[in-house]
Each structure stands twice: as C-alpha cells, then as structure tokens.
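[1] coords please:
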Amino acid sequence: MKNPSNKTPTYHLSTWMTDLGNTLNNLKLHQLTLPSTHNAGMDKKGIGGPVEGWIACQNDTFPFQIAQGARVFDLRVNARVFNGTLYGFDFFHGPFSSNRSVLGLIKDCNAFFKNDYNTKKTRTHYFAVPRI
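    Reported below is the predicted structural model:
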C-alpha cells in the first residue's frame, strides 16, 4: 500500500502479506518476523469439558487464526494409535488431545488459498513448526 503521509499504513489481517507486496520479496527468511500462534491446534472450540481452561492455548479454529493474520503455527503433533493401528495425527497439550487433526489443518490452509487464489498466489507460504 502506498503511504503518501507519515501515517502508519493499514493492512487487512487476511491479506497483509499481499498488501506489503514487493517489500517482502527481497527479504530472506531470517529477516522476517511472522505472526504466529502458540500451540495452534489446542483451541477452545476443539476441546471440551472441564479441562478446557487448562489446556486451550487459542480461542478459535485454524481458519479463524489464518484470517486474523497468523502465518506460522506452533504445533504439537500426536500419533493417534489404537491396537497398533495408526489412525492419523492430532494435536496435544500435556496428556490431552484436541479434535483437530493435521489433515484438517492442511484442508483449512488449502481452503484459504483456494478462496480468491489470484490475490494470494504470490504470498509467502505458511510455515508449520511441529513439536513431537
């Protein structure tokens, strides 16, 4: 965005990377500071019951976090295994798991990019930081 005055420019949360345009293109990864969410898969809507207040680190879902500008997810991944069979990967905090899955996160990110793809195709891609 052009800023003819000395005012701080305004950016839309879901399009801030596009709004910055060429400013980001010449930066190396170590020069970026990207907004992130701590323990992103442990949100209040993905956890229920009395333990919610102790283990939820976010208030809302992955799509909400993305729409609010988050571009890095701190993820703690847990293999869901029952009787020796792997059923997928979900997220955990301490001894508790959420009902969010890695596959669900991938679908949510793909849905974000598919919506109005032409304005998002030149963006820096998301970075996921799994903790196992």
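
[2] longest strand of this protein?
    Counting residues, the longest strand found in the chain (DSSP state E) is strand 72-82.

[3] show me the contact partners of the helix or strand where G53 lies.
    Counting by DSSP states H and E, the element that carries G53 is helix 52-55. Taking contacts as C-beta atoms under 8 Å, 6 or more residues apart in numbering, the residues outside helix 52-55 that touch it are 42, 44, 47, 93-94, 96. For the C-beta atoms, the positions are set from N, CA and C on the backbone; glycine is no exception.

[4] please work out the average pLDDT along that helix.
    Averaging pLDDT along helix 52-55 gives 85.

[5] stretch 101-119 too?
    Rounded mean pLDDT across stretch 101-119 is 83.

[6] check which residues of it are buried.
    Of all the residues in stretch 101-119, those buried under the rule 16 or more other C-beta atoms under 10 Å are 101-102, 104-105, 108-109, 112.

[7] just the CA atoms of that stretch, as PDB, please.
    Provided in PDB are the C-alpha atoms of stretch 101-119 (Å, rounded to 0.1, in the frame of the first residue of the first chain):
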ATOM      1  CA  SER A 101      -6.100 -33.100  13.000                       C
ATOM      2  CA  VAL A 102      -3.100 -32.500  10.800                       C
ATOM      3  CA  LEU A 103      -5.300 -33.400   7.800                       C
ATOM      4  CA  GLY A 104      -7.900 -30.800   8.900                       C
ATOM      5  CA  LEU A 105      -5.200 -28.100   9.200                       C
ATOM      6  CA  ILE A 106      -4.000 -28.900   5.600                       C
ATOM      7  CA  LYS A 107      -7.600 -28.700   4.400                       C
ATOM      8  CA  ASP A 108      -8.100 -25.400   6.100                       C
ATOM      9  CA  CYS A 109      -4.900 -23.900   4.600                       C
ATOM     10  CA  ASN A 110      -5.900 -25.100   1.200                       C
ATOM     11  CA  ALA A 111      -9.400 -23.600   1.500                       C
ATOM     12  CA  PHE A 112      -7.800 -20.300   2.500                       C
ATOM     13  CA  PHE A 113      -5.600 -20.200  -0.600                       C
ATOM     14  CA  LYS A 114      -8.300 -21.500  -3.000                       C
ATOM     15  CA  ASN A 115     -10.600 -18.700  -1.900                       C
ATOM     16  CA  ASP A 116      -9.600 -15.800  -4.200                       C
ATOM     17  CA  TYR A 117      -6.400 -17.600  -5.300                       C
ATOM     18  CA  ASN A 118      -5.300 -14.900  -7.700                       C
ATOM     19  CA  THR A 119      -4.700 -12.400  -5.000                       C
END
